[in-house]
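1. predicted structure and sequence below. I'll ask about it afterward.
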Amino acid sequence: MNSIQIIDSLDVGGAERVAVNYANGLLGFVNSSHICVTRKEGPLKSSIEKQVGYVFLNKRSRLDISAILKLRKYITSKKINLIHAHSSSFFIAFLIKLTLPRIKIVWHDHYGKSEFLSSRPKFSLKIASIFFDQIFSVNQKLKQWSIDNLFCNKVDYIKNFPVLKNSNSDTTKIYGNEGKRIVCLANLREQKNHLQLLNAFKIVVEHYPDWTLHCVGKNFGDDYSKIFFKRIDALELKNNVFFYDSKKDILNILNQMDIAVLVSKSEGLPLALLEYGLSNLPVICTNVGDCGKLIPNITYGVLLDDDNATLIAKEIIGLIENKDFRQKISIAFNKKIIEEYSEEKILVDILNKYNLILKS
């Protein structure tokens, strides 16, 4: 088996990290493992193992003929027989299938707005799905959406798995007092709900002014990002909230944190939440996507049914004031992630599905 992961960019996002994790993780299990980046390289490129085959297309448009031909040539020269396309990269996989009909296509649906599926664009995806051999969905809502809306008969829910390794790059300098740091690992997007988190943290600071919030994720420089930084100023949180943009040394950062939060409006199965668990952090999270499967009860963390700022602040303060409880839930959550979301366990499942696809 020779497989290739296809992803649009190597920015530090959930789908991008999953694609890299699969390409790296499959080494030793398949004859050769490859990754194709269609549009934009980024920080995650340095995380790709040297043994993984790599091709960058520098695609400029949806129907960039030179990019399509470059990928086709790479696939034929490397004798690749299975494409695993992540998120919106399904379209170039579909175009390749039209020219190489014997190749198998797996589409991996990472759609982050699973609470708003009724407004999801689907025309081109519906057409392309005729040529999919398998769909992987990161939560049950997305699985059901594919069953109801697309033309692929094989649809399975596949768990994400976290991979945290020491980075060779310069380690990020973390501000604030040791033992009093809260982290939010999320790109600056509206669905990640940073503004409500800031509103909540303003309340926290009124009670505990020596605690700090550390936001790690890509700044897209858009209107939402501008509003985020203006809100920090308006709430007078400059000395308590720190933003680090995209970072590669996530393990280093999480090891210096004491509480982890994710108060998104919508999610699939957030990789950040899995990484919190792997890093042994106590977690506060909104009940969106499949977060409730990760935190089924208070034994494993705090699950919020509402993103009300007062409620978020109350739960953060509760963890600040009860260190023993923090330690108890972090141990239980860490154990759950290791037992149920391990790289090896999930890759074995993936390989079994790959083999069934190739035999069909």
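-> Received it, and whenever you're ready, just let me know what you need.
2. only C-alpha atoms for contact and neighbour calcs from this point on.
-> OK.
3. where does the stretch 101-250 of the chain have low pLDDT?
-> 168-170 (pLDDT under 70).
4. and the helices in it?
-> Ranges of helices in the stretch 101-250 of the chain, per DSSP state H, counting those that start in this stretch, are 123-128, 140-149, 194-207, 223-234, 250-254.
5. can you give me the domain boundaries for the chain?
-> 2-161+342-359, 181-340 (automatic domain parsing).
6. start to end distance for the longest one?
-> Read it as domain 2-161+342-359. 14 Å (Cα to Cα, to the nearest Å).
7. please compute how far that domain lies from its chain's middle.
-> 14 Å (Cα atoms, centre = their mean, to the nearest Å).
8. how close does N287 get to L273?
-> Distance of N287 to L273, computed by Cα to Cα: 12 Å.
9. in the stretch 151-300 of the chain, which spans are strands?
-> According to DSSP state E, counting those that start in this stretch, the stretch 151-300 of the chain carries its strands in the segments 155-157, 181-185, 212-216, 241-243, 259-262, 283-286.
10. T172 is nearest to which of the domains of the chain?
-> domain 181-340 (6.9 Å; Cα to Cα).
11. and that closest one, how far apart are its ends?
-> Domain 181-340 has an end-to-end distance of 28 Å (criterion: Cα to Cα).
12. now swap in stretch 302-311 and tell me
-> Using Cα to Cα, the end-to-end distance of stretch 302-311 comes to 11 Å.
13. equivalent analysis for stretch 211-222, please.
-> End-to-end span of stretch 211-222 (Cα to Cα): 28 Å.
14. in it, what's buried?
-> For stretch 211-222, burial by neighbour count (16 or more other Cα atoms under 10 Å) applies to W211, T212, L213, H214, C215, V216, G217, K218, N219.
15. likewise for stretch 20-32?
-> In stretch 20-32, counting by 16+ other Cα under 10 Å, buried: V20, N21, Y22, A23, N24, G25, L26, S32.
16. which of these fall in helices?
-> V20, N21, Y22, A23, N24, G25 (DSSP state H).
17. what's the closest non-adjacent residue to Y354?
-> Nearest residue to Y354, sequence neighbours excluded (Cα to Cα, 6 or more residues apart in numbering): L82, at 7.9 Å.
18. okay, now S119: neighbour count?
-> S119 has 8 neighbours, counted by other Cα atoms under 10 Å.
19. again but with L319, I slipped
-> Neighbour tally, L319, other Cα under 10 Å: 20.
20. also S124?
-> 10.
21. what sits closest to it if chain neighbours are left out?
-> F91 (7.9 Å).
22. N149 now?
-> Closest to N149 by Cα to Cα, 6+ apart is K126, at 7.1 Å.
23. same question for G301.
-> Leaving aside its chain neighbours, G301 sits nearest to V283 (5.1 Å; criterion: Cα to Cα, 6+ apart).
24. and G221, how far from F229?
-> 11 Å.
25. ugh, typo on my part, it should be R72
-> To F229, R72 is 44 Å away according to Cα to Cα.
26. those two: which has the busier surroundings?
-> A count of neighbours by other Cα under 10 Å puts R72 above the other of R72 and F229, at 19 against 15.
27. check contacts around W107.
-> W107 makes contact with H84, A85, H86, S87, F90, F132, Q134, I135, F136 under the criterion Cα atoms under 8 Å, 6 or more residues apart in numbering.
28. can you tell me the closest non-neighbouring residue to S146?
-> Closest to S146 by Cα to Cα, 6+ apart is V155, at 7.2 Å.
29. ah, wrong one, I meant P270
-> Leaving aside its chain neighbours, P270 sits nearest to G14 (7.1 Å; criterion: Cα to Cα, 6+ apart).
30. give me the neighbour count for D306.
-> Other residues close to D306 by other Cα under 10 Å number 15.
31. secondary structure element for K328?
-> Taking DSSP states H and E as the definition, K328 sits inside helix 323-340.
32. list the buried ones in that helix?
-> For helix 323-340, by 16+ other Cα under 10 Å, it's F325, R326, I329, S330, I331, A332, F333, N334, K335, K336, I337, I338.
33. what comes into contact with that helix?
-> Identification of contacts with helix 323-340 by Cα under 8 Å, 6+ apart yields 274, 277-283, 295, 298-301, 319.
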